[in-house]
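1. curious how this folds, go ahead:
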Amino acid sequence: MTLRIEDYAIIGDTETVALVGNNGSIDWLCLPRFDSAACFAALLGDETNGRWLIAPAADVKRVSRRYRSGTLILETEFETADGVVRIVDFMPPRDGSPDVVRVVEGLRGRVPMRLELTPRFDYGRLIPLMDRVPGGVVALAGPDALCLRGSVDLDVSDATISAEFTISEGDQAWFRLVSFPSHEAVPDPADVDVEASRTESWWRDWSGRCTYEGPHRDTVVRSLITLKALTYAPTGGIVAAATTSLPEEIGGVRNWDYRFCWLRDGAFTVASLARTGYTDEAIAWGAWLRRAVAGDAAQMQIMYGIAGEHRLPEFELPWLSGYEGSQPVRVGNAASDQFQLDIYGEVVAALYRAVEAGITPQIDGSKSPAVNLESIVDAVDRRWQEPDEGIWEVRGERQHFTYSKFAAWYAVDRAIRLARTTELKAPIERWERLREAIHTDICQNAYDADQNSFTQYYGSKALDASLLLIVGNDFLPNDDARVLGTVDAVQKELSSGPFVSRYSTDEDVDGLPGSEGAFLICSFWLVNALAHVGRKDEARRNLDALLALQNDVGLLSEEYDPVAKRMLGNFPQAFSHIGLVASVLELYEGTN
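-> Below is the predicted model:
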């Protein structure tokens, strides 16, 4: 039976993550990196595509789970007629080969257990060769290999590893799955108790550095841990989500690979991390950005691979049936070739937030891990009058999207402020003329007097949730009639209570059939906009409703279906957790 998206939790080591279901099954794991082929892909089709199940052999009466406070160590308890067991899942901080550790603990009675591991490489297509080694079993397929060791006897049949064992109160069984290049020697065994202690200490040290002390602090910390789990520590890159092709509509075609580093998502993540005390991550992302963009901001892409790779070709995996039949399953993302004007604004916003948070990078590009500020403004100057695919990466015709123009204005405005704050030698007067030209263009072409609102793109009557980002960023006063009208119009046309859609899905605009759920970051944007225009009580009610959408371990996907009451889209989604943190800070930062 397919689990709902919200039935999963994640474990990770800041280089990759695994999705663990509340039934004891790991159904998604890419090793050794986010963008490598999955060795467990049951999430996107039949369980024979690869999974790792550890669960009671008898019917389960009750399941409960939690993360250990301040960590990414997952504890799941299963109650059966025979007793209670706990499975502890974690990935130790990387010290050599990546591995997954699973420990089964007896809490009450004697519980028969079963283990079934079906490793399948290349997204379920390759059945591995199985070899026994001292104390374990190795699965080999081309360049990749896995080794499973455990404290119980392991059987091998038809490229499947299995075991049956019983856990009594006070007993423990352990299993360790390690990934390594198939041409190298099998890594040495490790003490799982030592690894558990090391993992717990590492995460608690990291989460303990959070500087936010207001309401919902535990929720904020959980979101920050999730964002940290979506980083690739060796390079500083930050991915949008841990998965590919989890659908925006069950059975639909809006299934995308989010295991890449969008400048927009990374910039928003850095802003949240910098505001909560995590300056190292902000600096590391800046270094990643400089390497990825290289010598000229004009060649800036909207997204890159985790090490700054530029080519991210998109292709389909027809042998996978997809999550609940949602096809196609895609790897790679063709949006990497799109032009999205707003990325310049988001990159400058990240630099601006970093300076606000006390990080003082040199931003002239000579010694800094950041990009050259003047180069960004020059790129905006050259391209701001062009149509683009916009923040939502439409696959229809390019338009003059209003948010894209606003982000261009924001890039220039914040560049001016940064230049003055850091005493950077810059052509301020020329930049001010550019800023005014963009502002005038937006007000003349994007505002619809009949609706008393800005619109999705020039000449359109359609609305777009990204218009909410105009609010509170000094483009216009928050009490300006055009600002108030835009908030009202978006709320009326695109929201249902606290839930906000990105836009009215229209195949003529976005080039795709079907619909999607409420977009969670847009819903958080409405919270912030309401707060900016003085409707804080309403903003708090909306925030409370959105916080209630978190699953039992505090995670959010990309979207939510308020009719079916279930999560949609890739999971966990950085954008959604960024929105959560930003909204809590907007309403409660500075309070106790």
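2. I'd assumed residue 323 was in contact with residue 43.
-> Yes - between residue 43 and residue 323 there is a contact under Cβ atoms under 8 Å: 6.4 Å. Every C-beta, even on glycine, is put in place using the N, C-alpha and C of the backbone.
3. tell me which of those two has more neighbours.
-> Under the criterion of other Cβ atoms under 10 Å, the comparison of residue 43 against residue 323 puts residue 43 first, with 29 against 24.
4. so what's the more buried one up against?
-> Contacts here follow Cβ atoms under 8 Å, 6 or more residues apart in numbering; on that basis residue 43 touches 8, 19, 27-28, 243, 246, 323.
5. hang on, residue 175 in a helix?
-> No - read with DSSP: H, G, I helix; E, B strand; the rest coil, residue 175 is strand and lies in no helix.
6. now the residue lying closest to residue 37 once chain neighbours are set aside: how far from residue 247?
-> Taking Cβ to Cβ, 6 or more residues apart in numbering, and ignoring the residues beside it in sequence, residue 37 has residue 122 as its nearest neighbour in space, at 4.6 Å. Remark: distance between residue 122 and residue 247 (Cβ to Cβ, to the nearest Å) = 22 Å.
7. so for the two, which residue has more residues nearby?
-> Comparing residue 122 with residue 247 by neighbour count (other Cβ under 10 Å), the higher total belongs to residue 247, at 27 against 18.
8. so how far is residue 44 from the closest residue to the more buried one other than its chain neighbours?
-> The spatially closest residue to residue 247, leaving aside those adjacent along the chain, is residue 326, at 3.6 Å (Cβ to Cβ, 6+ apart). With the distance defined as Cβ to Cβ, residue 326 ends up 9 Å from residue 44.
9. need the residues touching each of those two.
-> By the contact definition Cβ under 8 Å, 6+ apart, residue 326 and residue 44 are jointly contacted by residue 245.
10. the two: which is more packed in?
-> Each of residue 326 and residue 44 had its neighbours counted (other Cβ under 10 Å), and the higher figure belongs to residue 44 (27 against 21).
11. wait, the more buried one touches residue 247, no?
-> No - here residue 44 lies out of contact with residue 247, judged by Cβ under 8 Å, at a distance of 10.2 Å.
12. list the residues that contact both of those two?
-> When contacts are counted by Cβ under 8 Å, 6+ apart, the set common to residue 44 and residue 247 consists of 322-323.
13. where does this protein dip in pLDDT?
-> The chain contains residues with pLDDT under 70 at 1, 32-36, 360-371, 505-514, 592.
14. okay, now the domains of it?
-> Per the record, the chain has its domains at 5-204, 209-588, by automatic domain parsing.
15. next secondary structure after the helix or strand where residue 539 lies?
-> Applying DSSP states H and E as the criterion places residue 539 in helix 536-547. Taking DSSP H and E as the definition, the helix or strand that follows helix 536-547 towards the C-terminus is strand 559-561.
16. outside of that following strand, which residues touch it?
-> Here strand 559-561 makes contact (Cβ under 8 Å, 6+ apart) with 248, 499, 516-520, 523, 549, 566-569.
17. that strand pairs with which strands, parallel or anti?
-> Take DSSP bridges as the rule and strand 559-561 pairs in its sheet with strand 518-519 (antiparallel), strand 566-568 (antiparallel).
18. could you list the buried residues of it?
-> In terms of neighbour count (16 or more other Cβ atoms under 10 Å), strand 559-561 has its buried residues at 559-561.
19. what do residue 43 and residue 323 both touch?
-> Taking Cβ under 8 Å, 6+ apart as the contact definition, residue 43 and residue 323 share the neighbouring residues residue 246.
20. just checking, residue 287 touches residue 236?
-> Yes - distance between residue 287 and residue 236: 5.5 Å, which falls inside the contact criterion (Cβ under 8 Å).
21. who has more neighbours, the two?
-> More neighbours surround residue 236 than the other of residue 287 and residue 236, with 27 against 16 (other Cβ under 10 Å).
22. ok, which stretches of the stretch 301-450 of the chain are strands?
-> In the stretch 301-450 of the chain, the strands defined using DSSP state E, counting those that start in this stretch lie at 303-304, 315-316, 330-331, 447-448.
23. what does the last one contact?
-> Yep, that's strand 447-448 we're talking about. Residues outside strand 447-448 that contact it (Cβ under 8 Å, 6+ apart): 453-455, 461, 482.
24. which of these are buried? Put it as a ChimeraX command.
-> Buried residues within the contacts of strand 447-448, by 16+ other Cβ under 10 Å, are selected in ChimeraX with:
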select :453,454,455,482
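25. from the contacts of strand 447-448, which two are the most distant?
-> Every pair in these was compared (Cβ to Cβ); the two farthest apart turn out to be 461 and 482, at 15.7 Å.
26. now do the helices in the stretch 101-250 of the chain.
-> Ranges of helices within the stretch 101-250 of the chain are 121-124, 192-207, 217-229, based on DSSP state H, counting those that start in this stretch.
27. what does the stretch 251-400 of the chain give?
-> The residue ranges that make up the helices of the stretch 251-400 of the chain, judged by DSSP H, counting those that start in this stretch, are 263-275, 279-293, 343-356, 373-383.
28. quick one: list the elements packing against the shortest one.
-> Counting by 3 or more Cβ pairs under 8 Å, 6 or more residues apart in numbering; DSSP states H and E, the packing neighbours recorded for helix 373-383 are helix 343-356, helix 402-422, helix 428-445.
29. dump the helices of the stretch 101-250 of the chain to a markdown table, plus distance to residue 81.
-> Conversion of the helices of the stretch 101-250 of the chain to a markdown table gives the following (distance: least, Cβ to Cβ, whole Å):
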| stretch | distance to residue 81 |
| --- | --- |
| helix 121-124 | 35 |
| helix 192-207 | 29 |
| helix 217-229 | 33 |
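30. select, out of those helices, the one closest to residue 316.
-> Proximity of the helices of the stretch 101-250 of the chain to residue 316 was assessed by Cβ to Cβ; the nearest stretch is helix 121-124, lying at 10.8 Å.
31. show the end-to-end separation of stretch 121-128, please.
-> End-to-end distance for stretch 121-128: 7 Å, by Cα to Cα, to the nearest Å.
32. name the surrounding residues that touch stretch 396-405.
-> Outside stretch 396-405, the residues within contact range by Cβ under 8 Å, 6+ apart are 339-342, 384, 386-391, 438, 441-442, 445-446, 454-460, 464, 466-467, 469-470, 507-511.
33. now do the contacts for residue 244.
-> Listed by Cβ under 8 Å, 6+ apart, the contact partners of residue 244 are 44, 255-259, 329-331, 570.
34. now residue 546
-> Taking Cβ under 8 Å, 6+ apart as the definition, contacts of residue 546 comprise 498, 520, 523-524, 527, 580, 583.
35. run the last query once more with 7 Å
-> Residues in contact with residue 546 (Cβ atoms under 7 Å, 6 or more residues apart in numbering) are 498, 523-524.
36. next: residue 304.
-> Counting by Cβ under 7 Å, 6+ apart, residue 304 makes contact with 260-261, 292, 310.
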